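I'd like to go over a predicted model; first the sequence, then the structure.
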Amino acid sequence: MPVFMHSLLSWLRAIAFAIVAGVLPLPAQAQATATQDADEAELLQSFDRVDAWHFPVDYSVAYNNQDVIVTRELVAQPAPAGKLCYIRFDLLQGEGDYAFGFKPQQGALPAATQWGVYVHKRGTVLNQARSVLKMNVIYFFVDGPKSDSVATDICVRKQAANTQQAGHGYNAPQWSDLVVRARLVHGWPMATQ
């Protein structure tokens, strides 16, 4: 191997190691996205640390495909230092017959960590209309409350908001009671960066 190539490879390895080790900062665009997020900024007023994790959802169902009815409980590994404060549903694309969020309950709060999606095939063999659901589910973990009462209130208030983004828009006729566990991905999703 020529000396030039050997030096170039060594240099690239050093940069890769520095990024993985956290010596070099993340790209400016990724940092800007996280610091510009309104929910994170609001939570930082009540907590010393806010840690974002995410899970991508991407389903496209045509007439000949299976419907998607699934309930998930997500796990962060290794476990974050803080407690789960808020789960946000960022819809990227919704088309056709779909639903997502916490299971509707009569007079009771939904399970704090279990949410579901429903994507239903439409049309006929000759007219195959597609249903699409693409979104990112963002988990906000918090640590270091600046005031116990305010910190508890903000988490409850944000999750109880009557919006799809807070998970309160599920209107499908079916819900899967079989809970599938999956792993969260640390950090912000690439789609929002």
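Sure thing, it's come through.

so what are the sheet partners of the strand or helix carrying Phe140 and their directions?
Following DSSP states H and E, the helix or strand that holds Phe140 is strand 131-145. Strand pairing for strand 131-145, using DSSP bridges, gives strand 47-61 (antiparallel), strand 83-95 (antiparallel).

and it, how far out from the chain's middle?
Taking the mean of its C-alpha atoms, strand 131-145 sits 3 Å from the chain's own mean (Cα atoms, centre = their mean, to the nearest Å).

again, but for stretch 156-169
Here the centre of stretch 156-169 is set off from its chain's centre by 14 Å, with Cα atoms, centre = their mean.

over to stretch 50-68?
On Cα atoms, centre = their mean, the centre of stretch 50-68 falls 11 Å from the chain's centre.

and that stretch, which residues are buried?
Residues Val50, Asp51, Ala52, Trp53, His54, Phe55, Val57, Tyr59, Val61, Val68 are the ones in stretch 50-68 that count as buried (16 or more other Cβ atoms under 10 Å). Any C-beta I mention is one placed from the backbone N, CA and C, and that applies to glycine too.

in the residues you listed, find the pair that's most separated.
Of all pairs drawn from the buried residues of stretch 50-68, the greatest distance, 34.6 Å, lies between Val50 and Val61 (Cβ to Cβ).

thinking again about what came up before, mind putting the strands paired with strand 131-145 in a markdown table, distance to Pro173 and mean pLDDT included?
Shown next, in a markdown table, are those (distance: least, Cβ to Cβ, whole Å; pLDDT from 0 to 100):
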| stretch | distance to Pro173 | mean pLDDT |
| --- | --- | --- |
| strand 47-61 | 15 | 95 |
| strand 83-95 | 17 | 95 |
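
quick one, which of the ones you listed is nearest to Lys121?
Closest of these to Lys121 is strand 47-61, at 4.9 Å (criterion: Cβ to Cβ).

against Gln45, how distant is the residue most central in space within the chain?
Closest residue to the average C-alpha location of the chain: Val137 at 2.2 Å, with Cα atoms, centre = their mean. In this structure, Val137 and Gln45 are separated by 23 Å, where distance is defined by Cβ to Cβ, to the nearest Å.

and for Tyr63?
The gap separating Tyr63 from Gln45 is 49 Å, by Cβ to Cβ.

mind giving me the domain split of the chain?
Domain segmentation of the chain under automatic domain parsing yields 1-27, 37-188.
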